[in-house]
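[1] 3D, please:
(chains A and B)
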Amino acid sequence: MSSDSRSGAAGRAVTRRRRRSVGGAAAAAVMASTLAACGGDSGGGNTLTWYINPDSGGQAEIAARCSAESGGAYTIEVAQLPRESSAQREQLVRRLAANDTSIDLMSLDPPYIPEFAQAGFLAPVPEDVAQRVSEGVVQSSLDSATWNDELVAIPFWANTQLLWYRESVAEAAGLDMSQPVTWDQLVTAAEQQGKVLSAQGRRAESLTVWLNALIESAGGSIIAENATDPDQIELGLTTPEADRAAEVMNTVASSTAVGPAFSTSSEDTSATEFESPDAGFMVNWPFVWSRALSAVEAGTLDASVPEDYGWALYPRVDADQPSAPPFGGIDIAVSAVSRNVELAYAAIECITNDDNQAYYMTTNGNPASSAAVYERPDVQEVFPMAATILESLEAAANRPQTAYYSEVSGGLQRTYHPPSSVTPETGEAAEALISAVLAGDQLL
Amino acid sequence: MSTTTLPPTEKTQPVSTPQGTISDRSRAERKLGWLLAGPAFLVMLLVTAYPILQAVWYSLFSYRLTDPSNRSFDGLSNYAVILSDPLWWQALLVTVVITVVTVAVELVLGFALALVMAKALSSIRPVVRAAILIPYAVITVVSAFAWAFAFQIETGFVNSWFGWLPGISAETDWFGGQATSLLVICLAEIWKTTPFISLLLLAGLAQVPEVLQEAAKVDGATWWQRMWRVTIPNMKAAIMVALLFRTLDAFRIFDSIFIMTAGANGTESVSFLAYRQTIARVEIGLGSAVSVLLFLSVVIIAFGFIKGFRVDLSQTRGDK
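    The predicted structure is shown next:
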């Protein structure tokens, strides 16, 4: 054997050993990370993990600010949930049912809060905290965070739908928008002017939002008698108020005022429709305002379009009855299996303070739950409709609060879609379906 | 003209071993086989058999994930609820329609593409193969979004490109009705998975001996006769395996429906129904029962193919 081949063999042996050691290190690293993942620990002793809904970076910024302000008492890390609120709930429910201790704080869509609270997934809110965070908060937002007369989550931001209109179209139609208007008036005006009335007819949560607002505006309620036992829940879908709501829904969806794809129209498609030259009226969340301004900034929308935007309170079902606009937003809750419940509530108090709510509203476009925020000049500058949003929030009605919200909303979406097929008999079909589903006698 | 297939290869029996007894060598080989396949078999049991058995067990309970304390044994009542619900039968019908339509179209298209790939000039063959396989490399959710955007009124180009066809206008709402929604769902599935079927058929085409083709040519057979009498009969096993795999795949359709219609307008498939009960409603018992019924349907399809059409999976590997 030559020295070359010997050194070659020795080299190969070294390479093999190196490979082995690199392989061993890699295996150890994978093992360590896997074990860490299995452990589900949220990091160091004072690290809090906040599961957030996707936004424009506002919650991450607030997390960083509060971490800095705490002076090292805690550090908030954010973990992003899926975009759809139903998917956010699906992920959180599965994690919490498995006692995932990596969750400390979570941004929750209000309709799912009763389900989380009744399942025992939420840590009780300390009385002193509940008192402090409730001060100056709009009632609809407090209601959204309350279950069985107890505050179970902390209101963060509060959303509501407004009636958006093109000033030029309303003027041409002779509508006095300083006075409340009804759905019937809007349909007539849009048809007369050959313009589009945009709402959300898609089989999705937005359909429940619309239906709930119509029934509440007519003076009714989707759930007439609430109960924690699903068999005891009494629905209010066969009442005269629900019939009237069904009539309005059908009138709007069957009219020539809505777009051709009304049965698949979402909030985003409505917003796009409202930016087009055919736009007349629209019910939608306030994000449409910042969306239009961003489009102007990006050069994809003419500046004259948002200049023509007008806003008013949600349309009435009947002229003599005030409307009950839809309510949305996000409340923050603490997981019952969090290892840092006390720190988590301290963090929430920081996250939801007025400064952070104002920051979130002006930068991310999500309205505050604290009434005082609407009086700030910077908020009023970004949201010229701030006073209307606050007025709408004060009149807003929550969607039905039940631990079985998925069944109720899913049943409504199945029976009330497409909206053009809705008749007063739809209520009976919906009641029969939802009752059977809640009793475990039918699929959804 | 009769079909021309290769006679089955005669199996040679070891001379020294009388039939019915096992030699030491084959016993050792069998042992080695178990040693080699055993770990994989155990892993398979762990990741497939365990969840299947757990689903069967859960399907006998009334069990909601958010209310585990009220879990109760319900026997077969979940199955009774499902099988007596028109929604299940509607979802099953939709699933069968999607499966039959997509698999039939994919078989014809896939065969044509396999022929193109097989006959393409050797210099451009890799490019042709890569081009044909691209849709299969696209994630189903991404392909579903692409097709949904193409057909939606606000974002799509289909209405303006095909506006000259009768029945299509700028205001055609493809996702507003059952038939049109299913059409788009089927088109997306066909576009996405035809390459898979063509790849399996290409492997089958490669197995047809050239000598049979030449013999048929010498006998004066036309291209069409060679295709029907020589090529297709000799690749029956490959066709059946391609059909089996695609049928099982198509029967479990979920992604395209989830993205395009979310089950609206009567487009729910059986998988979608299982998703809604298990994941959305967190009714683990009822959802598990739907999943078990879906599993049974898949087993029946596989069994039907293997017994009914006498598909021998080993033939695709060439080891008759």
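
[2] so how many other residues sit close to the residue of the stretch 1-150 of chain A found nearest chain B?
    Per CB to the nearest CB, A:Ala119 is where the stretch 1-150 of chain A lies closest to chain B, at 3.8 Å. No exception for glycine: its C-beta is placed from N, CA and C like everyone else's. Around A:Ala119 sit 20 other residues, with neighbours defined as other CB atoms under 10 Å in any protein chain shown.

[3] and the pLDDT at the nearest residue to it once chain neighbours are set aside?
    Excluding the flanking residues, the one nearest A:Ala119 by CB to CB, 6 or more residues apart in numbering or on different chains is B:Thr66, at 3.8 Å. Here, the pLDDT recorded for B:Thr66 equals 90.

[4] any idea how far the residue nearest the centre of chain B is from B:Gly110?
    Here the mean C-alpha position of chain B is nearest to the C-alpha of B:Arg246 (CA atoms, centre = their mean), at a distance of 2.1 Å. Between B:Arg246 and B:Gly110 the computed distance is 8 Å (CB to CB, to the nearest Å).

[5] need the residues touching each of the two.
    B:Phe196, B:Ile197 (CB atoms under 8 Å, 6 or more residues apart in numbering or on different chains).

[6] the strands in chain B, which residues?
    B:61-62, B:72-73 (DSSP state E).

[7] need those in TSV (columns: distance to chain A and mean neighbour count).
    Shown next, in TSV, are the strands of chain B (distance: least, CB to the nearest CB, whole Å; neighbours: other CB atoms under 10 Å in any protein chain shown):
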stretch	distance to chain A	mean neighbour count
strand B:61-62	6	18
strand B:72-73	11	9
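
[8] just send these back as JSON lines, with mean pLDDT too.
    Shown next, in JSON lines, are those (pLDDT from 0 to 100):
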{"stretch": "strand B:61-62", "mean pLDDT": "94"}
{"stretch": "strand B:72-73", "mean pLDDT": "92"}
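
[9] now render those as JSON lines, adding distance to B:Thr180.
    Listed next are these as JSON lines, based on distance: least, CB to CB, whole Å:
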{"stretch": "strand B:61-62", "distance to B:Thr180": "39"}
{"stretch": "strand B:72-73", "distance to B:Thr180": "44"}
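
[10] near chain B, which residues of the stretch 251-400 of chain A show up?
    With CB under 8 Å from any CB of the partner chain as the criterion, the stretch 251-400 of chain A comes near chain B at residues A:Gly259, A:Pro260, A:Ala261, A:Ser263, A:Thr264, A:Thr269, A:Thr272, A:Glu273.

[11] greatest separation within the residues you listed: which pair is it?
    A:Ser263 and A:Thr272 (16.2 Å; CB to CB).

[12] which parts of the one helix or strand A:Ser435 maps to are buried?
    Assigning secondary structure by DSSP states H and E places A:Ser435 in helix A:424-438. Buried residues in helix A:424-438, defined by neighbour count with 16 or more other CB atoms under 10 Å in any protein chain shown: A:424, A:426-427, A:429-438.

[13] for that helix, packing partners?
    Judged by 3 or more CB pairs under 8 Å, 6 or more residues apart in numbering or on different chains; DSSP states H and E, helix A:424-438 is in contact with strand A:234-235, helix A:240-254, helix A:405-415.

[14] show me the contact partners of it.
    Identification of contacts with helix A:424-438 by CB under 8 Å, 6+ apart yields A:230-231, A:233, A:235, A:237-239, A:242-243, A:246-247, A:404, A:407-408, A:410-412, A:414-416, A:442-444.

[15] check those residues against chain B, which are close?
    Within the contacts of helix A:424-438, those near chain B by CB under 8 Å from any CB are A:Glu407, A:Gly410, A:Gln442, A:Leu443, A:Leu444.

[16] could the helices and strands packed on helix A:424-438 go into a markdown table alongside mean neighbour count and mean pLDDT?
    Converted to a markdown table, the helices and strands packed on helix A:424-438 look like this (neighbours: other CB atoms under 10 Å in any protein chain shown; pLDDT from 0 to 100):
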| stretch | mean neighbour count | mean pLDDT |
| --- | --- | --- |
| strand A:234-235 | 17 | 93 |
| helix A:240-254 | 21 | 96 |
| helix A:405-415 | 23 | 94 |
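
[17] follow-up on the earlier one: and for the residue nearest to A:Ala119, the neighbour number?
    With other CB under 10 Å as criterion, B:Thr66 counts 19.

[18] gap between it and B:Lys119?
    Counting by CB to CB - B:Thr66 and B:Lys119 are separated by 59 Å.

[19] contacts only, for the nearest residue to A:Ser85 once chain neighbours are set aside.
    Closest residue to A:Ser85 apart from its sequence neighbours, by CB to CB, 6+ apart: A:Asp109 at 4.0 Å. Shown here is A:Asp109, whose contacts under the criterion CB under 8 Å, 6+ apart are A:Asn53, A:Ser85, A:Gln88, A:Arg89, A:Gly328, A:Ile330.

[20] give me the neighbour count for A:Asp398.
    Quick fix: residue A:398 reads Asn, not Asp. Counted with other CB under 10 Å, A:Asn398 comes out at 20.

[21] I figured it hits A:Ser140, correct?
    Yes. Under the criterion of CB atoms under 8 Å, A:Asn398 makes contact with A:Ser140 at 6.3 Å.

[22] okay, and the common contacts of these two?
    In contact with both A:Asn398 and A:Ser140: A:Phe327, using CB under 8 Å, 6+ apart.

[23] could you check the pLDDT of the residue of the stretch 101-250 of chain B at minimum distance from chain A?
    The minimum distance from the stretch 101-250 of chain B to chain A, using CB to the nearest CB, falls at B:Glu171 (3.7 Å). On the pLDDT scale, B:Glu171 is placed at 86.

[24] nearest residue to it in space, ignoring adjacent ones along the chain?
    Nearest one to B:Glu171, counting by CB to CB, 6+ apart, is A:Pro260 at 3.7 Å.

[25] check contacts around the one you found.
    B:Ile153, B:Glu171, B:Thr172, B:Asp173.

[26] burial measure for the second one, as a count.
    Neighbouring residues of B:Glu171 were enumerated by other CB under 10 Å; the total is 10.

[27] likewise for the last one?
    As a burial measure, the neighbour count of B:Asp173 was computed by other CB under 10 Å and equals 20.

[28] ok, and the closest non-adjacent residue to it?
    Nearest in space to B:Asp173, with sequence neighbours left out and distances taken as CB to CB, 6+ apart, is A:Ala261 at 4.5 Å.

[29] could you check how many residues crowd around the one you found?
    The number of residues packed near A:Ala261 is 22, by other CB under 10 Å.

[30] low-confidence ranges in chain B?
    By pLDDT under 70, the weakly predicted segments of chain B are B:1-21, B:311-320.

[31] quick one, the longest helix seen in it and helix A:405-415 angle?
    Across chain B, the longest stretch assigned as helix under DSSP state H is helix B:86-119. Put simply, helix B:86-119 runs at 80 degrees to helix A:405-415, going by axes from the mean of the first three to the mean of the last three CA atoms, to 10 degrees.

[32] show me which positions of helix B:86-119 end up buried.
    So for helix B:86-119, counting by 16+ other CB under 10 Å, buried means B:87-88, B:91-92, B:94-95, B:98-99, B:101-103, B:105-107, B:109-111, B:113-115, B:117-118.

[33] and what of stretch B:126-142?
    Those would be B:Val128, B:Arg129, B:Ile132, B:Pro135, B:Tyr136, B:Thr140, for stretch B:126-142 by 16+ other CB under 10 Å.

[34] output it in CSV with nothing but the alpha carbons.
    The C-alpha coordinates for stretch B:126-142 follow below in CSV (Å, rounded to 0.1, in the frame of the first residue of the first chain):
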residue,chain,number,x,y,z
PRO,B,126,-37.5,15.5,-21.3
VAL,B,127,-39.0,18.9,-22.0
VAL,B,128,-42.4,17.4,-23.0
ARG,B,129,-42.4,15.2,-19.9
ALA,B,130,-41.6,18.1,-17.7
ALA,B,131,-44.2,20.4,-19.3
ILE,B,132,-46.9,17.7,-19.0
LEU,B,133,-46.0,17.0,-15.3
ILE,B,134,-46.0,20.7,-14.2
PRO,B,135,-49.7,20.7,-13.1
TYR,B,136,-49.1,17.7,-10.9
ALA,B,137,-46.3,19.5,-9.1
VAL,B,138,-48.7,22.4,-8.2
ILE,B,139,-50.2,22.1,-4.7
THR,B,140,-53.9,21.3,-5.0
VAL,B,141,-55.0,24.4,-2.9
VAL,B,142,-52.9,26.7,-5.1
